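# Provided below for reference: sequence and predicted model.
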Amino acid sequence: MDLVRKIWGVLHRTSLTRWIVIAMILGILFGWLFPKQAAGAPIISDIFLHLIKCIIAPLIFSTLVVGIAGHSDDLKAVGRLAIKAIIYFEIVTTLALLVGLGAVNLVKPGAGVQLKTADEQKTEDAQKLADKSKQVTFKDQIEHLAPTSIFKAGAENDVLQVVIYAIIFGIALARVKGKPRQTMLDFFEGLSEVMFKFTGVVMLFAPFGVGAAMAGTIGKNGPAILVSLGKLIFTLYGALAVFIFCVFVPIMLLFRIPVRRFFSTVREPALLAFSTASSEAALPDALRLMEKFGVPRRIVSFVLPTGYSFNLDGSTLYLSLAAMFVAQAAGKHFSFAEQVFILLTLMLTSKGVAAVPRASLVILAGTLATFKLPIEGVAVILGVDAFLDMARTSVNLVGNCLASAVMARWEGELKLEPGNASNDVATTATEAQMSSK
């Protein structure tokens, strides 16, 4: 009896991330050793993917509406800060998307992975008809931006239309005064919280979906597919490293933010975000440390939570990389213009989900469905997503901490302790001239 309790205690204390890694390994072994039996495993991963897809519309809609309308009472006081923050968020996340797109086109980690396109999964005749059909024009793409029905967009998981509807709805709600606005805001805040919990419940099924997905993938394609998935992991980590040194560090130099002191400050919450794969777990510590760093409370308390919905640098880089990885694996070649349109879609959809564990999979699933890419790609990526999620989540946290410091400097309210200046690695030319005077 004591042995059973000890075993149960060990199993209960094992984190979801570890369970996913264990399931991934077991799924690989099962698919390798029993390829015929593994052919029926994908039905389990399909069930998991269906559950993921049903989260997309309500989660994006509720979080985006709350993000836009939730600060309406303080719009006059924080208007200037909000505009600056939005400009900064858009610039940095666009750079993240471009870095991810450049990395995936350079390394091509999806080459060699065999996935069928959504049309091929139906019938070969349907694929032939699709090849002969008229290509969608730019005019059609622009017209598609305007949703005809939020219910239709939600039922079809058309993420782009859901986002646009949510933006307009959030702006309209922000202009409503009194009890009606508060009632609607409370409703969407409640819906947002429920969907976060819903996501958590669905993720409990993730190890089974991962194991089944990996078993089916290995059984079908053989162990060689792991080489491409390994390339995906190293491509993401390399792209994130390039992004930190080529985007974050120059921003620090431009806004005269001491590099060593900043990274020393965010080291602890970044490690917490990396180990838990959740930016929210590191939020309280990050707020405290960034205020100690010299960012005023009114700025850090606004920028950090807002950035969790609108400035997910690591996640946006991952999304562009993952989307093109699936396209490469499916053998679908997008032109430069089409890739730019995918980036524009991701710029909007990545703003709709707060930093909850593996929430990027929700956005990725919706983006794949929008561009007729196989949802099977999510199942393949999910097998190694535990490793991907830790890296992108920690970069999300560091990026939002940096955003709060940049906004404080931009507002002229960053108050660094002069006694620690000698410990900084980098001092800008402006600071050097000031010290020489």
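Yep, it's here.
# how far out from the middle of the chain is stretch 179-189?
On the basis of C-alpha atoms, centre = their mean, to the nearest Å, stretch 179-189 is displaced by 27 Å from the centre of the chain it belongs to.
# again, but for stretch 49-63
14 Å.
# now for residue 97: which residues touch it?
316, 317, 319, 320, 343, 346, 347 (C-beta atoms under 8 Å, 6 or more residues apart in numbering). Where C-beta positions appear, they are placed from N, C-alpha and C, glycine not excepted.
# what strand or helix carries it?
helix 75-107 (DSSP states H and E).
# averaged pLDDT, that helix. What do you get?
The average pLDDT for helix 75-107 rounds to 84.
# kindly report the same for stretch 220-233.
73.
# how about the contacts of residue 97 in JSON lines, adding distance to residue 266 and pLDDT?
Below are these laid out as JSON lines (distance: C-beta to C-beta, whole Å; pLDDT from 0 to 100):
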{"residue": "316", "distance to residue 266": "19", "pLDDT": "86"}
{"residue": "317", "distance to residue 266": "18", "pLDDT": "90"}
{"residue": "319", "distance to residue 266": "23", "pLDDT": "86"}
{"residue": "320", "distance to residue 266": "24", "pLDDT": "87"}
{"residue": "343", "distance to residue 266": "27", "pLDDT": "81"}
{"residue": "346", "distance to residue 266": "25", "pLDDT": "78"}
{"residue": "347", "distance to residue 266": "25", "pLDDT": "75"}
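# and which of the residues you listed is nearest to residue 65?
Set against residue 65, the nearest of those by C-beta to C-beta is residue 347 (18.3 Å).
# show me what contacts that closest one?
Shown in contact with residue 347 (C-beta under 8 Å, 6+ apart): 90, 93, 94, 97, 316.
# recalculate using a threshold of 6 Å.
Neighbour list for residue 347: empty [criterion: C-beta atoms under 6 Å, 6 or more residues apart in numbering].
# before we move on, which element is it in?
Assigned by DSSP H and E, residue 347 falls in helix 336-349.
# can you name the next helix or strand after that helix?
Heading C-terminal from helix 336-349 (DSSP H and E), you reach helix 360-370.
# helix 336-349 and that next one, what's the angle between them?
Helix 360-370 runs at 140 degrees relative to helix 336-349, counting by axes from the mean of the first three to the mean of the last three C-alpha atoms, to 10 degrees.
# next one: whichever helix or strand comes after helix 360-370 to chain centre, how far?
Beyond helix 360-370 on the C-terminal side, the first helix or strand identified by DSSP H and E is helix 376-382. Relative to the centre of its chain, helix 376-382 is centred 15 Å away, using C-alpha atoms, centre = their mean.
# pull the contacting residues for the nearest residue to residue 373 once chain neighbours are set aside.
Nearest residue to residue 373, sequence neighbours excluded (C-beta to C-beta, 6 or more residues apart in numbering): residue 326, at 5.2 Å. Residues counted as contacts of residue 326 (C-beta under 6 Å, 6+ apart) are 368, 373, 377.
# name the member of those with the most neighbours.
Neighbour counts for the contacts of residue 326 were taken using other C-beta atoms under 10 Å; the highest belongs to residue 373, with 25 neighbours.
# quick one: that one from residue 145, how far?
Between residue 373 and residue 145 the computed distance is 19 Å (C-beta to C-beta, to the nearest Å).
# what about residue 105, neighbour count?
14.
# tell me the secondary structure at residue 177.
Under DSSP: H, G, I helix; E, B strand; the rest coil, residue 177 falls in the coil class.
# give me the neighbour count for it.
The number of residues packed near residue 177 is 10, by other C-beta under 10 Å.
# phi, psi for it please.
Per-residue torsions, residue 177: phi -110, psi 160 (degrees, to the nearest 10).
# use 18 as the first number for this chain going forward.
Sounds good: first residue 18 from here, last item residue 194.
# who touches residue 301 in this structure?
Taking C-beta under 6 Å, 6+ apart, one finds nothing in contact with residue 301.
# pLDDT on the helix or strand where it lies, on average?
Applying DSSP H and E as the criterion places residue 301 in helix 296-310. Average pLDDT, helix 296-310: 80.
# which is the next helix or strand following that helix?
helix 314-327.
# can I get the following helix or strand past that following helix in PDB, CA atoms only?
Later in the chain than helix 314-327, the nearest helix or strand by DSSP H and E is helix 330-346. Coordinates of each C-alpha in helix 330-346 appear next as PDB, following Å, rounded to 0.1, in the frame of the first residue of the first chain:
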ATOM      1  CA  ASP A 330       8.200  38.100 -29.500                       C
ATOM      2  CA  GLY A 331       9.200  34.500 -29.100                       C
ATOM      3  CA  SER A 332       5.800  33.100 -30.000                       C
ATOM      4  CA  THR A 333       5.500  35.300 -33.100                       C
ATOM      5  CA  LEU A 334       8.900  34.200 -34.300                       C
ATOM      6  CA  TYR A 335       7.900  30.600 -33.700                       C
ATOM      7  CA  LEU A 336       4.600  31.000 -35.500                       C
ATOM      8  CA  SER A 337       6.200  32.100 -38.800                       C
ATOM      9  CA  LEU A 338       8.800  29.400 -38.500                       C
ATOM     10  CA  ALA A 339       6.300  26.700 -37.700                       C
ATOM     11  CA  ALA A 340       3.800  27.700 -40.300                       C
ATOM     12  CA  MET A 341       6.400  27.600 -43.100                       C
ATOM     13  CA  PHE A 342       7.800  24.300 -41.600                       C
ATOM     14  CA  VAL A 343       4.400  22.700 -42.200                       C
ATOM     15  CA  ALA A 344       4.100  24.200 -45.700                       C
ATOM     16  CA  GLN A 345       7.600  22.700 -46.500                       C
ATOM     17  CA  ALA A 346       6.600  19.400 -45.000                       C
END
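# many thanks, have a good one.
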